[in-house]
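Chemist: With the input below, show me the fold.
(2 chains)
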Protein chains: 2
Amino acid sequence: MSAAMDRAGFLARLAGYGDMTRRTLLERLPSGEPEAHLYGPIRDFVARSGKGLRPALLLATCRAFGGRVEDALTSACALELLHNAFLIHDDIQDGSEFRRGLPCLHAQLGTPLAINAGDAMLAGALRLLRRNVGDLGPDTAWLVFDEFDRLIAESLEGQALELGWIRDNDLSVGPADYLRMTLKKTCRYSFIHPCRIGALIAGRRGAALDAFDPFGFLLGAAFQIQDDVLNLVGSRDRYGKEILGDIHEGKRSLMLARLLGLAAPEERRRLGQFLALPRAGRGAAEAAWVFEAMQRHGCIDYAQDAAARLTEGARAAFEAAFAGAAGEDRDFVAQCLDFVTRRDA
Amino acid sequence: MSAAMDRAGFLARLAGYGDMTRRTLLERLPSGEPEAHLYGPIRDFVARSGKGLRPALLLATCRAFGGRVEDALTSACALELLHNAFLIHDDIQDGSEFRRGLPCLHAQLGTPLAINAGDAMLAGALRLLRRNVGDLGPDTAWLVFDEFDRLIAESLEGQALELGWIRDNDLSVGPADYLRMTLKKTCRYSFIHPCRIGALIAGRRGAALDAFDPFGFLLGAAFQIQDDVLNLVGSRDRYGKEILGDIHEGKRSLMLARLLGLAAPEERRRLGQFLALPRAGRGAAEAAWVFEAMQRHGCIDYAQDAAARLTEGARAAFEAAFAGAAGEDRDFVAQCLDFVTRRDA
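Modeler: Numbers count the residues shown, from 1 in each chain, chains lettered A, B, ... in the order given. Next comes the predicted model:
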């Protein structure tokens, strides 16, 4: 099989799992009243959702360990709905304007109704898991529930860390703090638990599940750093978010954490002043200066290098975590590594 | 037993159930990192929570039907935590300033962290229910979970209705719309489901549970109307919220719904203009004019009369719903009727 075919096959499988999850999720979402201010916007938001990397990882891991897609589909739907719930509240919290190339939900509905829609999706994700009781039996259903419980708690803890740094204008955040936050906020719900849940449904237990933790952490950190780099160097058309949005947000990315450590006193003072402004007061010229300072201090190269090293680590951890797996779905997860860390859009 | 002793006994029981729930809930809340921006504020918010009417109703209903407090305590804690989660997001959505006589959580922490804390409490409430599996067995535990699922969905639907009216500046909202919204938003989670869950844990099923629906609806509507009247005629010191806050919010209370139906064309035009302003633009003088128009058209008397009739209906529905119940806890629920509909603070 050629590398080009590998890539095409990977993308086809990703699209297949993503589409199956989105289609099933849309079927299972409620559609009653109020339509205009709740269920309609939720369905529209889900319908235009992204690639479905998280459900694909969950479904592929399940199959790689001998489980069946139909047993894991409910959990994949719940994870995708939860992801969309997080995005809606995230965008409000970050003051973002665009999501997937369109105005954010709070820009369409207003913040009060967008908060409410996110709440309904968070609760709705847990409701979906109810179906696992009949499909998987109560014991496994509660174990899956526990995985969701953990990933939700950790994600919200990571979010509190990140928002707290911005709120307090914390200039002491270093690369280690960034990684600790990312482990909680991104790695768990996007990588660690999708693998754990897929393997759990396939019958794995205990230490065999814990092997996904280092794999998901290393891969998730590489992914998040790459995502943050793209936010700075990608264009809006390709990426679907505003240019230098993270800098405007004051987001403690790895690049900013690195810059805070390297900046000369005068630069640090200027940076602190910029970050102390309310978001609306952070002008484009100052944001461009921050970006230029990051380039001058090699912070973007540093982040890209860190992502590459984390990817290397993830590759080794993959071998350990997926030692008992086989088939095309194992290959699919292996290729997620390249996809997640080399994508440019 | 004198009426005065009844009242004292009622208040003692209410305080007892409320304190027991709050104490147990505080013990079961997580306390790890991040403390300053997540778990600390959550514990503080719960610690200063209100009377605990919802958990008291749940616990009393359980005991009135022969169940045990210790079997219902987990559900009471989850309900109280959920109530607090709703309040935090509500205050953001309404742009409120005070809660329980102190600044709202979003005024303390900022909106992003307050949204996040509310999310953690919503998810945390469902997590608490996990313990029911061991205590009540998986079948009853899932039935309780289903009750929570229903009450959360209905509450968020009611919230979407109410927020949608404000967002669209809907001037066609009438008393029937108000009651439909209140059934979803308030009655279910504050009255119907606390009773249903308590009785469920005591072993009631099916139609015996559905008998709580009319009781909870009638009582909940009476309560909410009384609460809205208090917002207008109570003082901040006694009530813990800002004066005429609901009018500033543009909240479609029964009084406003009535006024919209009765106002003369010129009044209606002025009212529409006031409600079309952003909240911050709705001045004190105009709000006072709205209040005065409500008084002139007898809207407050109308609402108080409606609350009295609903209370009468609730009294009849109580007899049907609690026909199989006995003892002091049945009396307690009966006295909730008076407490909820006659309180002046």
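Chemist: residues of the helix or strand hosting A:Gln224 that come out buried?
Modeler: Using DSSP states H and E, A:Gln224 maps to helix A:212-233. Residues A:212-232 are the ones in helix A:212-233 that count as buried (16 or more other CB atoms under 10 Å in any protein chain shown). All C-beta atoms are positioned from the backbone trio N, CA, C, and that covers glycine.
Chemist: Which secondary structure elements does that helix sit against?
Modeler: With contacts taken as 3 or more CB pairs under 8 Å, 6 or more residues apart in numbering or on different chains; DSSP states H and E, helix A:212-233 sits against helix A:175-182, helix A:193-201, helix A:245-249, helix A:254-262, helix A:299-321, helix A:328-342.
Chemist: Where do the helices of the stretch 51-200 of chain A begin and end?
Modeler: Per DSSP state H, counting those that start in this stretch, the stretch 51-200 of chain A carries helices over the ranges A:53-64, A:69-94, A:105-109, A:111-128, A:132-136, A:138-167, A:175-182, A:193-201.
Chemist: now those in TSV, with mean pLDDT, mean neighbour count and distance to B:Gln273?
Modeler: Output for the helices of the stretch 51-200 of chain A, formatted as TSV (pLDDT from 0 to 100; neighbours: other CB atoms under 10 Å in any protein chain shown; distance: least, CB to CB, whole Å):
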stretch	mean pLDDT	mean neighbour count	distance to B:Gln273
helix A:53-64	98	27	48
helix A:69-94	97	24	29
helix A:105-109	96	20	23
helix A:111-128	97	25	21
helix A:132-136	96	17	52
helix A:138-167	96	21	37
helix A:175-182	97	18	47
helix A:193-201	98	29	51
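Chemist: For A:Gly327, give me phi and psi.
Modeler: Here is the backbone geometry of A:Gly327 (degrees, to the nearest 10): phi 90, psi -170.
Chemist: buried residues in the helix or strand containing A:Ala8?
Modeler: Element membership for A:Ala8, per DSSP H and E: helix A:3-28. Residues of helix A:3-28 classed as buried: A:Phe10, A:Arg13, A:Leu14, A:Tyr17, A:Gly18, A:Met20, A:Thr21, A:Arg22, A:Thr24, A:Leu25, A:Arg28 (neighbour count, 16+ other CB under 10 Å).
Chemist: Near chain B, which residues of the stretch 101-250 of chain A are found?
Modeler: Within the stretch 101-250 of chain A, the positions near chain B by CB under 8 Å from any CB of the partner chain are A:109-113, A:115-120, A:122-124, A:126-127, A:130, A:133, A:138, A:142, A:145-146, A:149, A:152-153, A:156-157, A:159-161, A:163-164, A:166-167.
Chemist: who are the neighbours in contact with the closest residue in space to A:Lys185 that isn't next to it in sequence?
Modeler: Nearest non-adjacent residue to A:Lys185, counting by CB to CB, 6 or more residues apart in numbering or on different chains: A:Gly158, 2.8 Å away. Contacts of A:Gly158 were listed using CB atoms under 8 Å, 6 or more residues apart in numbering or on different chains, and they are A:Met181, A:Thr182, A:Leu183, A:Lys184, A:Lys185, A:Thr186, A:Arg188.
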